[in-house]
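A.B. asks: sequence and predicted structure, then a few things I'm wondering about:
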Amino acid sequence: MAQTTKMIVDKDFVISRIDQRIYGSFIEHLGRAVYSGIYQPGHPSADADGFREDVAELVRELNVPIVRYPGGNFVSNFYWEDSVGPIEQRKKRLDLAWRTFEPNEVGLGEFAKWAKKVNTDVMMAVNLGTRGVSDALNLMEYCNLDTDSYYANLRRSHGRKEPYNIKTWCLGNEMDGPWQTGHKSAAEYGHLAAETAKAMKQMDRNAEFVVCGSSNVDMPTFPQWEATTLEETYNYVDYISLHQYYGNAKDDTADFFAKTQDMETFLRTVIATCDFVKAKKRGKKDIMLSFDEWNVWYHSHQKDDEAMRERPWQSAPALLEDIYTFEDAIVDGLILIEFLKHADRVKVACLAQLVNVIAPIMTEKDGRAWRQTIFFPYYHASKYGRGYALQPVISTGKHDTSRHEDVSDIESVAVWNDEKQELTIFAVNRNTEEDIAFEADVRGFEGYRFIEHLALESDDMKVTNSAEEEKVRPISKNGGTFDEGKFSTVLKKSSWNVIRFAK
Ligand code: AHR
């Protein structure tokens with residue numbers, strides 16, 4: 001058996017107060033995310049506005065604080081004016097990113113209504129691919145201003161008196177990617193993003209801005225892209241975006257679980273780049289991180305390439321419908337732990353995406369809504385991961401995988417919810433060979449008692465859920481002991497664990 005992992009949890013080892021927006025998500029006009037996802041008039045569970053209540057219920061279960069919208073790659077050719085006003089007068093459009101047909105039945109106003117229904121905020125992206133400063137300003141005026149001016153009045157004429165008051169704005173999407181409509185060099189994009197944020201800030205002093213970082217860590221322009229764009233935009237923006245998806249195409253589970261080591265390096269490099277630019281500018285503020293696309297994504301690649309090539313311009317085709325395995329849920333759990341470990345700099349993160357498209361929630365077109373395997377770590381983190389992230393002081397074994405060295409067996413972090421007086425330890429045993437004895441010393445939390453140990457466990461890494469059956473779902477574990485402030489148990493190989501204490 002591998003060495004016992006020992007963890008010390010102390011109230012004084014605070015990383016940061018957790019910004020709840022790290023449990024954000026993302027809805028793009030892509031595939032069936034919107035049409036037959038969140039919206040399907042005529043569905044048995046549809047409300048008067050056509051929103052599926054079965055889906056809304058699952059979104060509320062996840063308690064998602066913010067949802068990025070409307071893209072993604074989609075936003076780079078998005079004409080927001082076509083998505084507002086009387087539906088029968090809206091222009092139908094072609095979406096170049098996913099080669100699909102956009103009926104514009106759901107637009108800005110409908111999405112804001114849905115966001116209210118599921119208790120979430122909207123994080124709005126502006127089109128800096130085919131458009132620029134003036135359209136971003138018009139959109140902001142439509143959304144946020146209470147003035148007697150053209151776009152604010154247009155919103156009123158569409159039946160919405162109060163402004164939407166959208167606070168967080170993404171300055172385009174993945175502008176470093178050659179696939180992006182209106183792709184730009186770092187200098188071109190940096191200049192446009194700075195001018196856009198500057199003008200938008202003139203209009204709404206409360207707004208905050210996310211500048212595009214690299215589309216992933218393997219982009220050839222990473223991290224020079226970050227340095228150049230931040231040098232242009234430092235004075236006007238608050239966050240830089242990071243995107244990263246993982247896959248296990250080589251069917252090497254141990255190495256798949258090690259990939260968050262790469263994420264750690266990615267985060268450290270972006271933080272270092274932000275701090276370099278801050279120093280260079282003699283700046284006072286830290287640029288924070290918005291990890292606004294993250295997940296496992298690879299199961300659907302081949303099918304999607306074929307669909308977009310062979311059958312373009314369909315309305316809401318099934319695209320990016322990855323069916324997630326047990327091991328994918330473990331990777332998502334590892335990613336969430338990584339965000340908590342960097343809670344001092346990661347202030348926004350969006351699981352990409354929320355419904356049907358690489359999503360924790362799936363729907364049958366005319367039938368049920370159901371939870372994928374990856375629903376559960378996200379649910380646990382969102383539910384129990386609020387408060388302060390505590391520095392994990394941990395001694396654990398290490399192992400090597402095919403492409404990673406010195407991979408820690410146990411990845412863990414603790415969260416102290418001061419309001420509820422609760423302490424939660426999130427832990428993944430990413431050793432695929434061995435169960436590992438785990439001891440958590442929580443002596444700093446006097447008067448706390450052990451509540452429960454929840455876990456995702458399976459001997460079958462490839463097991464999936466479906467509308468018929470949640471084969472992967474949390475179990476409640478017995479067998480741990482809690483004595484004189486020390487909790488001891490065994491964490492099963494390849495498992496996600498949530499260990500809870502309360503006063
Ligand atoms: O989330 C799917 C796509 O992944 C997004 O549209 C894009 O930003 C990223 O490449």
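C.D. replies: That came through, no problem.
A.B. asks: tell me the SS of D305?
C.D. replies: Judged by DSSP: H, G, I helix; E, B strand; the rest coil, the three-state class of D305 is helix.
A.B. asks: now K280: how far from T228?
C.D. replies: 12 Å (Cβ to Cβ, to the nearest Å). In short, each C-beta sits where N, CA and C put it, glycine included.
A.B. asks: how about A2?
C.D. replies: Counting by Cβ to Cβ, the gap from A2 to T228 is 45 Å.
A.B. asks: contact partners for G479?
C.D. replies: Contacts for G479 (Cβ atoms under 8 Å, 6 or more residues apart in numbering) come out as T489, V490.
A.B. asks: ok, whichever residue of the chain sits closest to the ligand - contacts?
C.D. replies: Using Cβ to the nearest ligand atom, the single residue of the chain nearest to the ligand is G72, 2.9 Å away. By Cβ under 8 Å, 6+ apart, G72 lies in contact with F26, E28, H29, L30, A97, A125, N173, E293, A352, Q353.
A.B. asks: can you rerun that using 7 Å?
C.D. replies: E28, L30, N173 (Cβ atoms under 7 Å, 6 or more residues apart in numbering).
A.B. asks: now list the buried members of these.
C.D. replies: E28, L30, N173 (16 or more other Cβ atoms under 10 Å).
A.B. asks: ok, and of these, which contact the ligand?
C.D. replies: E28, N173 (Cβ under 6 Å from any ligand atom).
A.B. asks: state the pLDDT value of R443.
C.D. replies: Predicted confidence (pLDDT) for R443: 84.
A.B. asks: what does it show for phi and psi?
C.D. replies: Main-chain dihedrals, R443, degrees, to the nearest 10: phi -60, psi -30.
A.B. asks: roughly how far apart are it and Q89?
C.D. replies: Taken as Cβ to Cβ, the span from R443 to Q89 is 66 Å.
A.B. asks: what's the answer for I337, then?
C.D. replies: 48 Å.
A.B. asks: between those two, which one's more packed in?
C.D. replies: Neighbours per residue, other Cβ atoms under 10 Å: of I337 and Q89, the larger number sits with I337, 23 against 8.
A.B. asks: just say helix, strand or coil for the more buried one.
C.D. replies: Quick answer, by three-state DSSP: I337 is helix.
A.B. asks: tell me which residues touch it, please.
C.D. replies: Neighbours of I337 in contact, by Cβ under 7 Å, 6+ apart: E411, S412, V413, F426, V428.
A.B. asks: so what pLDDT did it get?
C.D. replies: Reading off the model, I337 has pLDDT 98.
A.B. asks: ditto for the one 10 residues further on
C.D. replies: At K347 the predicted local distance difference test score is 98.
A.B. asks: repeat for M1
C.D. replies: On the pLDDT scale, M1 gets 61.
A.B. asks: spell out which residues of the stretch 151-300 of the chain are next to the ligand.
C.D. replies: Checking the stretch 151-300 of the chain against the ligand by Cβ under 6 Å from any ligand atom, the hits are N173, E174, S215, E293.
A.B. asks: quick one, strands of the stretch 401-503 of the chain?
C.D. replies: Secondary structure of the stretch 401-503 of the chain (DSSP state E, counting those that start in this stretch): strands located at 407-408, 410-417, 422-429, 436-441, 449-456, 475-476, 481-483, 486-491, 495-502.
A.B. asks: relative to Q224, which of these is closest?
C.D. replies: strand 407-408 (28.6 Å; Cβ to Cβ).
A.B. asks: avg pLDDT for the closest one?
C.D. replies: Across strand 407-408, the per-residue pLDDT values average to 97.
A.B. asks: quickly run through the sheet partners of that strand, with directions.
C.D. replies: Sheet pairing of strand 407-408 (DSSP bridges) gives strand 398-399 (antiparallel).
A.B. asks: any idea of the mean pLDDT for the strand it pairs with?
C.D. replies: pLDDT averaged over strand 398-399 gives 96.
A.B. asks: so where's the longest helix in the chain?
C.D. replies: helix 260-280 (DSSP state H).
A.B. asks: dump that helix to PDB, keeping only the CA atoms.
C.D. replies: Taking C-alpha atoms only, helix 260-280 is exported to PDB below (Å, rounded to 0.1, in the frame of the first residue of the first chain):
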ATOM      1  CA  THR A 260      -3.900  19.000 -14.100                       C
ATOM      2  CA  GLN A 261      -0.200  19.300 -13.400                       C
ATOM      3  CA  ASP A 262      -0.100  21.100 -16.800                       C
ATOM      4  CA  MET A 263      -3.000  23.300 -15.700                       C
ATOM      5  CA  GLU A 264      -1.000  24.300 -12.600                       C
ATOM      6  CA  THR A 265       1.900  25.300 -14.900                       C
ATOM      7  CA  PHE A 266      -0.600  27.200 -17.100                       C
ATOM      8  CA  LEU A 267      -2.000  29.100 -14.200                       C
ATOM      9  CA  ARG A 268       1.400  30.000 -12.800                       C
ATOM     10  CA  THR A 269       2.600  31.200 -16.200                       C
ATOM     11  CA  VAL A 270      -0.400  33.400 -16.700                       C
ATOM     12  CA  ILE A 271      -0.100  34.800 -13.200                       C
ATOM     13  CA  ALA A 272       3.600  35.500 -13.700                       C
ATOM     14  CA  THR A 273       2.800  37.300 -17.000                       C
ATOM     15  CA  CYS A 274       0.100  39.400 -15.400                       C
ATOM     16  CA  ASP A 275       2.600  40.400 -12.700                       C
ATOM     17  CA  PHE A 276       5.300  41.100 -15.200                       C
ATOM     18  CA  VAL A 277       3.100  43.600 -17.000                       C
ATOM     19  CA  LYS A 278       1.900  45.100 -13.700                       C
ATOM     20  CA  ALA A 279       5.500  45.700 -12.800                       C
ATOM     21  CA  LYS A 280       6.400  47.100 -16.200                       C
END
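A.B. asks: other residues contacting it?
C.D. replies: 213, 217, 223, 226-227, 230-231, 234, 240, 242, 244, 286-287, 289, 334-335, 338, 342, 345, 404, 407.
A.B. asks: derive a PyMOL selection command for the buried subset of those residues.
C.D. replies: With 16+ other Cβ under 10 Å as the burial test, the buried ones among the contacts of helix 260-280 are selected in PyMOL as follows:
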select buried, resi 213+217+223+226+227+230+231+234+240+242+244+287+289+334+335+338+342+345+404+407
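A.B. asks: cross the contacts of helix 260-280 against helices and list the overlap.
C.D. replies: Counting by DSSP H, the contacts of helix 260-280 contribute E226, A227, L230, E231, L334, I335, E338 to helices.
A.B. asks: so who does the last one touch?
C.D. replies: Under the criterion of Cβ under 7 Å, 6+ apart, the neighbours of E338 are T260, M263, E264.
A.B. asks: ranking the residues you listed by neighbours, who comes first?
C.D. replies: T260 leads the contacts of E338 on contacts (other Cβ under 10 Å) with 28 neighbours.
A.B. asks: now for this structure, the helix or strand with the poorest mean pLDDT.
C.D. replies: The helix or strand of the chain with the poorest confidence is helix 301-310; it has a mean of 92 (mean pLDDT, DSSP states H and E).
A.B. asks: now the two most distant members of the ones in helices among the contacts of helix 260-280.
C.D. replies: E231 and L334 (32.7 Å).
A.B. asks: where's the closest residue to D12 other than its chain neighbours relative to I18, distance?
C.D. replies: Once flanking residues are discounted, D12 sits nearest to G444: 7.1 Å by Cβ to Cβ, 6 or more residues apart in numbering. Look at G444 and I18: by Cβ to Cβ, they are 18 Å apart.
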